[in-house]
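> sequence and predicted structure are below.
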Amino acid sequence: MTQQASSETTPAPKPVVVKVSGALLGEGGAPEAFWEAVKALHASAPVVVVHGGGAQATDMARRLGHEPTVVQGRRVTTDLDLDIVQWVLRGKLNTQLVAQAKRHGLTAVGLSGADGGMLRVARRPPWTVDGETVDFGWVGDVEGVDPSLLERLLAGGVVPIVAPLGIDADGQVYNVNADTVARALAGALGAEELLLVTSTGGVRREVDAPASHLATCDAATFADGTRAGWIDGGMRVKLEVAFDALRTGVERVFICAPDDMLTRARATRVVG
């Protein structure tokens, strides 16, 4: 009797979304350790890279005589700030990262969330912060994601490199927090992992004390840290994004350094 071939097929690996902080992007782009890790991850799963660039946008603004305003880790985006974000993030940084990927044997395509209507946003309403009303200007809050363009690129073995811009129904471009973009794309793609890559690596109770590193961070620890003040600014945003990602179905979220993206020995795993 002949044995029938099994109709079962191995499921395709789920994507990994990697967000690299602008603080890690020097004149030549991201560190070598970052690309070595991306290449290793890409050998077994589709990879999407989302990049920040706040430090570079601030530097350009100051060269133009403009001092940006940042509230709770989020940039107030005037007309000039929006121009700068597009010049620096979608222009210089995005192109540099695509070129770096090529040098590491990866085929990459540079995009922003505006391409293909990927990231649909609405203008953020004013917030009340410490009793003051803050108008964030051209900052977008994510309303929806169309992952079809990314899915076609991933199916072809391409690494999409995404700058954090979005677009509304009228075609207006907005600045969007890069951690938020990474979370939104990870959720829409059904990603297995979201890696938030920072210069300091995981969460620390004291920024300059590696021994205060947290192996895991849950909601109770986050609440304690924000009340005590050792979780604030950009790290607070990252953790808020991480918890949101878990709620949208992303299986694992880590905050880690470029040289720890694979072993995660010094990373912080965010747990629900």
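Looks like it arrived, so ask away.

> in its sheet, what does the lowest-mean-pLDDT helix or strand in the chain sit against?
The helix or strand of the chain with the poorest confidence is strand 127-129; it has a mean of 85 (mean pLDDT, DSSP states H and E). Using DSSP bridges, the strands paired with strand 127-129 in its sheet are strand 132-134 (antiparallel).

> can you list the buried residues in the partner strand?
Across strand 132-134, burial judged by 16 or more other Cβ atoms under 10 Å covers residue 134. C-betas here are computed from N, CA, C, even on glycine.

> please apply the same query to stretch 11-22.
Quick answer for stretch 11-22 (16+ other Cβ under 10 Å): 15, 16, 17, 18, 19, 20, 21, 22.

> so of the residues you listed, which ones are in strands?
16, 17, 18, 19, 20 (DSSP state E).

> any chance of those in a markdown table, with pLDDT and distance to residue 218 too?
Below are these laid out as a markdown table (pLDDT from 0 to 100; distance: Cβ to Cβ, whole Å):
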| residue | pLDDT | distance to residue 218 |
| --- | --- | --- |
| 16 | 98 | 22 |
| 17 | 98 | 21 |
| 18 | 98 | 23 |
| 19 | 98 | 21 |
| 20 | 96 | 25 |
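
> count of neighbours near residue 32?
A total of 14 residues lie near residue 32 under the criterion other Cβ atoms under 10 Å.

> look up phi and psi at it.
Backbone geometry at residue 32, expressed as degrees, to the nearest 10, gives phi -60, psi -40.

> against residue 80, how distant is it?
With distances taken as Cβ to Cβ, to the nearest Å, residue 32 is found 34 Å from residue 80.

> same question for residue 177.
19 Å.

> in the stretch 1-150 of the chain, where is pLDDT below threshold?
1-8 (pLDDT under 70).

> which stretches of it form strands?
Secondary structure of the stretch 1-150 of the chain by DSSP state E, counting those that start in this stretch: the strands cover 16-20, 47-51, 69-71, 74-76, 108-112, 119-123, 127-129, 132-134, 140-145.

> next, count neighbours for the nearest residue to residue 66 once chain neighbours are set aside.
In this structure, residue 66 finds its nearest non-sequential neighbour in residue 80, 5.7 Å apart by Cβ to Cβ, 6 or more residues apart in numbering. Residue 80 has 14 neighbouring residues, counting by other Cβ under 10 Å.

> once you drop chain neighbours, what's closest to residue 101?
For residue 101, the spatially nearest residue (Cβ to Cβ, 6+ apart) is residue 108, at 3.6 Å.

> for residue 265, see how far away the closest residue to residue 159 other than its chain neighbours is.
Among residues not flanking residue 159 along the chain, residue 108 sits closest, at 4.4 Å (Cβ to Cβ, 6+ apart). Separation of residue 108 from residue 265 (Cβ to Cβ): 28 Å.

> the two - which one has more neighbours?
residue 108 (21 against 13).

> contacting residues for the more buried one?
Going by Cβ atoms under 8 Å, 6 or more residues apart in numbering, residue 108 touches 49, 97, 98, 101, 102, 158, 159, 160, 161.

> switch to 7 Å and redo it
Residues near residue 108 by Cβ atoms under 7 Å, 6 or more residues apart in numbering: 98, 101, 102, 158, 159, 161.

> what is the burial count for the fourth one?
This means residue 158. The number of residues near residue 158, taken as other Cβ under 10 Å, comes to 19.

> pretty sure it contacts residue 107?
Yes: counting by Cβ atoms under 7 Å, residue 107 is a contact partner of residue 158 at 5.3 Å.
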